[in-house]
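Engineer: Following is a predicted model, sequence given first.
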Amino acid sequence: MSERGMQELALLLLTALANAPRHGYAIAQEVKTITDGRVTPRTGALYGALDRLLAEGLIQVEREEVVGGRARRVFALAPAGRERLEAEAERLAATAREVRRRLTAGAAAPA
């Protein structure tokens, strides 16, 4: 598979949905948790990315509910999203293995 790697936000959103459906705010909080606070998606970026992932068929709306008079969508990882996330995890792991291999080889090389 010669597919380009995912953008970080898309990867994080799919990861946030990997174990449970969530609404937008809960997804943003999960991303913050996953990244130890390094990434806190802004509302516009979050919903723009969610809309793109929906359009690509990687996530789906599990249900819509009204909370406090406001509509709220609950998103879930679609089967295609799970496959893409698994492929991306393998791609990143392969890259990390190569980084470690080169660092180890570099440490053994004479200066």
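Structural biologist: Thanks, I have it. Numbering: from 1, shown residues only.

Engineer: Now do the strands in the chain.
Structural biologist: 22-23, 59-67, 70-77 (DSSP state E).

Engineer: burial of the closest residue to residue 12 other than its chain neighbours, as a residue count?
Structural biologist: Excluding its sequence neighbours, the residue lying closest to residue 12 (Cβ to Cβ, 6 or more residues apart in numbering) is residue 31, at 4.7 Å. Using the backbone N, CA and C atoms, a C-beta is placed for each residue, glycine as well. Around residue 31 there are 22 other residues, counting by other Cβ atoms under 10 Å.

Engineer: what does the average pLDDT come to for stretch 15-27?
Structural biologist: Taken as a whole, stretch 15-27 has a mean pLDDT of 96.

Engineer: Show me which residues of it are buried.
Structural biologist: Neighbour-count burial for stretch 15-27 flags 15, 16, 17, 21, 22, 23, 24, 26, 27 (criterion: 16 or more other Cβ atoms under 10 Å).

Engineer: what does stretch 33-45 give?
Structural biologist: Applying 16+ other Cβ under 10 Å to stretch 33-45 flags 34, 41 as buried.

Engineer: Can you tell me what sits against that stretch?
Structural biologist: With Cβ atoms under 8 Å, 6 or more residues apart in numbering as the test, stretch 33-45 has contacts from 8, 9, 12, 13, 15, 16, 24, 27, 28, 31, 32, 49.

Engineer: these two touch, right, the fourth one and residue 50?
Structural biologist: Yes. Using Cβ atoms under 8 Å as the test, residue 13 is close enough to residue 50 to be in contact (6.5 Å).

Engineer: Any stretches of this structure with poor pLDDT?
Structural biologist: 1-3, 109-111 (pLDDT under 70).

Engineer: longest single helix anywhere in it?
Structural biologist: helix 79-108 (DSSP state H).

Engineer: ok, back up a step: let me have the buried residues of stretch 15-27 in a markdown table, adding distance to residue 59 as columns.
Structural biologist: As requested, those are exported to a markdown table (distance: Cβ to Cβ, whole Å):
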| residue | distance to residue 59 |
| --- | --- |
| 15 | 12 |
| 16 | 10 |
| 17 | 6 |
| 21 | 9 |
| 22 | 10 |
| 23 | 12 |
| 24 | 12 |
| 26 | 14 |
| 27 | 10 |
